[in-house]
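Q: need a 3D model of the following:
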Amino acid sequence: MNRPLMIVAALGFAVSLSAEPLLVSSSGTFAAGTTASTWSAAGDTWAFSFFVDSNPVVTSDTIGTDFDAPISGFVYTLNGSPVSVGPVDVEFFNISDFGLINVCFFGCVASGSVTNGFIIEGPQVYSGLESAPTILPGTYAETSNTAEVASTGTTQALGTVYISPEPSTWGLSAAGLLVLAANFLRKKSTAATGSSLR
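A: Down below sits the predicted model:
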């Protein structure tokens, strides 16, 4: 294997370990008494997922409290079927402000009063300052989950928020490692063959 290809593989691996996209997801079943709407109904199952950069460019923050970061690929389902929930805003919270996230639908602001969406409390999911956070992959148990439907909140069963590297990031990392391993094995084989000829 030539040196430029090995360098490209190593760089690809290093880049994949830096500012990687993370998949954030959660799901549950709406509690009895949840207000029915286009995106909610008592007893129905719900799920959401979206991508956020592990080192996001923060769009707004309050030191010691929360930050807002750009997200992409937001998907919301009700009973397994996609549902449009309009513009979505996600806010990440410091443990001093009950941690985890607010997910706000239909253009409301997650750091303000969530009118439609979820207020999910639990551990803090990032390190560093709110102005320059690093979101940490992990499994985070909720300590509180409230579904707000037209400003009417209903406490939901506790669930889990999952934050994991985007699947393609793992593929890029694995490919880089395979190229480096193949190069190492080739050199080792060449060295063993060369030494037996002497």
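
Q: shaky segments in the chain?
A: Low-confidence segments of the chain, defined by pLDDT under 70, span residues 1-18, 168-198.

Q: for it, just list every one of the helices.
A: 3-17, 167-196 (DSSP state H).

Q: for stretch 129-137, C-alpha coordinates in PDB please.
A: Coordinates of each C-alpha in stretch 129-137 appear next as PDB, following Å, rounded to 0.1, in the frame of the first residue of the first chain:
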ATOM      1  CA  LEU A 129     -19.300  25.500  28.900                       C
ATOM      2  CA  GLU A 130     -22.600  26.100  27.300                       C
ATOM      3  CA  SER A 131     -20.900  28.400  24.800                       C
ATOM      4  CA  ALA A 132     -18.600  25.600  23.700                       C
ATOM      5  CA  PRO A 133     -20.100  22.200  24.700                       C
ATOM      6  CA  THR A 134     -19.100  18.700  23.800                       C
ATOM      7  CA  ILE A 135     -22.100  16.400  23.600                       C
ATOM      8  CA  LEU A 136     -21.300  13.000  25.100                       C
ATOM      9  CA  PRO A 137     -22.500   9.700  23.700                       C
END
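
Q: what residues of it count as buried?
A: Going by neighbour count (16 or more other Cβ atoms under 10 Å), the buried part of stretch 129-137 is 130, 133, 135. Every C-beta, even on glycine, is put in place using the N, C-alpha and C of the backbone.

Q: can you list contacts of it?
A: Counting by Cβ atoms under 8 Å, 6 or more residues apart in numbering, the neighbours of stretch 129-137 from elsewhere in the structure are 22, 52-56, 58, 61-67, 69, 92, 94, 125-128, 163-165.

Q: again, only using 7 Å
A: For stretch 129-137, contacts defined as Cβ atoms under 7 Å, 6 or more residues apart in numbering pick out 22, 52, 54-56, 58, 61-63, 65-67, 92, 94, 125-128, 163-165.

Q: which of these are buried?
A: Buried among the contacts of stretch 129-137 (16+ other Cβ under 10 Å): 22, 52, 54-56, 58, 61, 66-67, 92, 94, 125-126, 163, 165.

Q: unless I'm mixing things up, Thr155 is touching Thr146, no?
A: Yes: Thr155 is in contact with Thr146 according to Cβ atoms under 7 Å; the separation is 5.7 Å.

Q: which of the two has more neighbours?
A: Thr146 (16 against 13; other Cβ atoms under 10 Å).
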